[in-house]
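Peer 1: sequence below, structure please.
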Amino acid sequence: NKMIEQSASGYLVGDSPTLADLALFCSVNLMRCGFLDGMDMTLLEPFPALKAHKEKIASLPPIQAYYDGYAGPGAEMRAPFKVGA
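Peer 2: Numbering: from 1, shown residues only. I've put the predicted structure just below:
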């Protein structure tokens, strides 16, 4: 949360998304998807900057298109990855 709060761009490194941003996005949403006991969709509530970062990455056109169009196995576990989730 602190690194993102200190970032002028909202990304972890530099002014555009990097592998670090995608790794954080995937890790955080894996924890929120219900796969791990005791962690749920409210995980990000105490961390507004982290939540904003999740939304920023989820809003990138290729990311959004992938998750909005995915209907395969485990689709319900991918709901936290979508914009607004």
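Peer 1: C-alpha only now, for contacts and for neighbours.
Peer 2: Fine.
Peer 1: would you tell me which helix is longest in the protein?
Peer 2: helix 19-32 (DSSP state H).
Peer 1: go through it and flag the buried ones.
Peer 2: D21, L22, L24, F25, C26, V28, N29, L30, M31, R32 (16 or more other C-alpha atoms under 10 Å).
Peer 1: so how far is K2 from the nearest residue to M41 once chain neighbours are set aside?
Peer 2: Counting by C-alpha to C-alpha, 6 or more residues apart in numbering, the nearest residue to M41 once its immediate chain neighbours are dropped is R32, at 4.8 Å. R32 sits 20 Å away from K2, going by C-alpha to C-alpha, to the nearest Å.
Peer 1: assign a three-state SS to L43, would you?
Peer 2: What DSSP: H, G, I helix; E, B strand; the rest coil gives for L43 is helix.
Peer 1: and it, how close does it get to S16?
Peer 2: Taken as C-alpha to C-alpha, the span from L43 to S16 is 25 Å.
Peer 1: if you count surrounding residues, which of those two has more?
Peer 2: More crowded of L43 and S16, by other C-alpha atoms under 10 Å: L43, with 15 against 10.
Peer 1: residue contacts, the more buried one?
Peer 2: Contacts for L43 (C-alpha atoms under 8 Å, 6 or more residues apart in numbering) come out as M31, R32.
Peer 1: please apply the same query to D21.
Peer 2: Here D21 is in contact with Y11, L12, V13, I57 (C-alpha under 8 Å, 6+ apart).
Peer 1: mind putting those in a markdown table, distance to F47, neighbour count and pLDDT included?
Peer 2: Below are the contacts of D21 laid out as a markdown table (distance: C-alpha to C-alpha, whole Å; neighbours: other C-alpha atoms under 10 Å; pLDDT from 0 to 100):
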| residue | distance to F47 | neighbour count | pLDDT |
| --- | --- | --- | --- |
| Y11 | 15 | 21 | 95 |
| L12 | 15 | 22 | 94 |
| V13 | 19 | 16 | 93 |
| I57 | 16 | 23 | 96 |
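Peer 1: thanks again, I'm all set now.
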